[in-house]
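Asker: Provided below are the primary sequence and the corresponding predicted coordinates.
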Amino acid sequence: MDSSEFNRLIEKYIDVVFRSALSFCQNKSDAEDVTQNTFIKLLKSETAFESDEHIRKWLVRVAANESKTLWRSVWHRKVVSFSNLDVEPAYMDSEKGEMLTEVMRLPKKYSAVLHLHYYEAYTCSEIASILGISESNVQTRLMRARNMLKERLGEAWL
């Protein structure tokens with residue numbers, strides 16, 4: 001992959017990768033590390049990508065795997081909650097911001113599926129592939145996450 005193509009892909013997908021990593025890690029510093037590692041893997045990859053959508057899916061899957069690896073590491077003990085972050089995604093306004101904050105306060109297994117489904121527009125089968133779980137498990141987690149949000153935010157939000 002030449003440097004101009006690599007730079008184009010970074011510009012196009014850095015927000016997607018960072019937001020995905022943030023939903024998995026729930027911590028800005030770790031999400032930045034995961035984003036960097038993801039693009040390093042892209043640079044080193046010899047995968048023949050069929051399209052930009054194939055690259056996007058590959059990047060999100062790698063970000064998910066990098067996040068899992070980071071959370072499994074021995075040195076990773078201290079976790080900072082999303083509410084302590086000083087970062088606001090570019091697409092947030094006050095109404096969406098409150099919803100995203102509540103989504104990120106859910107347990108990781110629920111916030112990840114909600115983020116991938118609603119913010120990144122992945123289907124249940126694509127999410128199952130990314131997270132390495134069954135499609136029915138994704139659907140169950142989505143239902144439970146929606147119910148948790150309904151309890152926290154009330155009917156008006158859903």
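Answerer: Looks like it came in fine.
Asker: what about the chain, any weak spots by pLDDT?
Answerer: For the chain, applying pLDDT under 70 flags the ranges 73-97, 155-158.
Asker: The residue nearest to the spatial centre of the chain in helix, strand or coil?
Answerer: In the chain, the residue lying closest to the centroid (CA atoms, centre = their mean) is Ser20, at 1.8 Å. Under DSSP: H, G, I helix; E, B strand; the rest coil, Ser20 falls in the helix class.
Asker: Now do the contacts for it.
Answerer: By CB atoms under 8 Å, 6 or more residues apart in numbering, the contact list for Ser20 reads 60, 63-64, 115-116, 120. For the C-beta atoms, the positions are set from N, CA and C on the backbone; glycine is no exception.
Asker: Helices - which of these land there?
Answerer: Using DSSP state H, 60, 63-64 are the members of these that sit in helices.
Asker: which one of these has the most neighbours?
Answerer: Ala63 (29 neighbours; other CB atoms under 10 Å).
Asker: hang on, it packs against Ile14?
Answerer: No. Ala63 lies out of contact with Ile14 (CB atoms under 8 Å); the separation is 10.9 Å.
Asker: shared neighbours of the two, which are they?
Answerer: Joint contacts of Ala63 and Ile14 (CB under 8 Å, 6+ apart) are Thr35.
Asker: wait, His117 sits on Ser125?
Answerer: No. Judged on CB under 8 Å, His117 makes no contact with Ser125 at a distance of 11.3 Å.
Asker: Overlap in contacts, the two.
Answerer: In contact with both His117 and Ser125: Val138, using CB under 8 Å, 6+ apart.
Asker: more neighbours, these two?
Answerer: Taking other CB under 10 Å, His117 and Ser125 do not tie; His117 has more neighbours (19 against 11).
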